[in-house]
Each structure stands twice: as structure tokens, then as C-alpha cells.
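A.B. asks: Okay, predicted coordinates and the sequence, questions at the end:
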Amino acid sequence: MNKTQTLSATKKSFFQSHCSQANKEATKNPWFLAFLGIVAVFLIVNFIFIGFAISTNPGLVSNDYYEQGREHEKNVMTWSAERNNLNWETKIEIPERIILNKTDTYRFSAVDSRGVSIMDADVTFTLYRPSDVSADFVMPVEQIAPGLYQTKFYFPLPGAWDINLKVIHGDDMYHQTQRISVYMPTTKKAP
């Protein structure tokens, strides 16, 4: 047997023993097992997410979403125009950091274009949770001084909330919305 034939026979036996589909050694390769593990974890996590998505659907998408969006856009434009026409100077006082289940004071003050306090208005805060309509609630606000209104309440869930302020004073209506975040209370570690 010459050198070429020996090399050819060695290559042939190597490929038959290492590259054959009948070779069971390939399934014991740690790289192959790691790849299979990653694929398995990926599939399991996706099935878990799909299960959560189906079971916790908040039902936020309504059948007439386009019409509702158009109506909301008209309302926002109307509210903005009304707010500009009123020419009120307003201020909403909201705590800088809102903590879950902690009662805080929320204030609203308003004066008209002449500097006269807006008195005896019907003021409400509507607290809207974008991710869960069942958590929404309305808080009436009391007048505590001329042009100054106040209420106290707490947020029962952490995350994003919209505070929608509505003021009715005679024929005048004022709307303002502000997005806030509610944080979990921080726990201090004992020394």
C-alpha cells in the first residue's frame, strides 16, 4: 500500500467513524447539547408568555377602537381650545414621588385672566390606569380656600397612571391630564 492509498483509507475510516449519521457520539457533544438546551428554554419561555398573555388579557382593545380614537382626538382638541380660551392660570400639586398605598395630598389652584380666584367649581380627579380599567377610580376634590382645591387618596397598584383633572365652573369646563408613576415602597435593611 502506498502513501496515497494509506492517507485515503485513513480519511475514509475517520469520516465513517466521526461523520456518519449512525454515529451516536455527536449527540454527546457538549456544544450540541447546549444548543438543544437553549432551543428548549426558548420554546418553554415562549409558551409561558403566550399562556400569560391569554390568561391575563385586560381586554383593552375594543371592537370600535378606531371610532373611539377619533372621538378622543376631537375631545382633546376641544379641551385644548377651551383651556386656551379660558386663559386661567392653574397649578396641580402632585407629590414628587408617589408610593404605593401611601395617602398623599393632591391640590389644584386656579385664577382667571384678571387674577380672581375660581370659586365654587366642581373639581374631580379621575385616576386612570392604562393597563387595567378595573383599577380606575374617581376622587371628588373639596375647596379649602378661595381658588384652592384639595383631596387625599392613595394608589392601590404600582406602575403608570393618568391623573385626569376636570373642572366645571358655570358654563366653563377645564381639562388637564398628567401621567405619573407609582413606586413600590423601599425597604431599608437593618444594620
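C.D. replies: That came through, no problem. A quick note: this is a predicted structure, and the numbers were derived from the prediction, not measured.

A.B. asks: count of residues packed around Asp136?
C.D. replies: 14 (other CB atoms under 10 Å). Where C-beta positions appear, they are placed from N, C-alpha and C, glycine not excepted.

A.B. asks: Read off the pLDDT value for it.
C.D. replies: pLDDT recorded at Asp136 is 88.

A.B. asks: what about the helices in the protein?
C.D. replies: In the chain, the helices defined using DSSP state H lie at 3-18, 30-55, 65-86.

A.B. asks: how about those helices in TSV, adding distance to Val141?
C.D. replies: What follows is the helices of the chain, written out as TSV (distance: least, CB to CB, whole Å):
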stretch	distance to Val141
helix 3-18	79
helix 30-55	38
helix 65-86	18
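
A.B. asks: Quick check: beta-bridge partners of the residue nearest in space to the middle of the chain?
C.D. replies: A centroid search over the chain (CA atoms, centre = their mean) returns Ala160, at 5.4 Å, as the residue closest to the centre. With DSSP bridges as the criterion, Ala160 is bridged to Ser181.

A.B. asks: That one against Ala135, yeah?
C.D. replies: No: at 11.3 Å, Ala160 does not count as touching Ala135 under the criterion of CB atoms under 8 Å.

A.B. asks: Can you pull the residues that touch both of those two?
C.D. replies: Arg129 (CB atoms under 8 Å, 6 or more residues apart in numbering).
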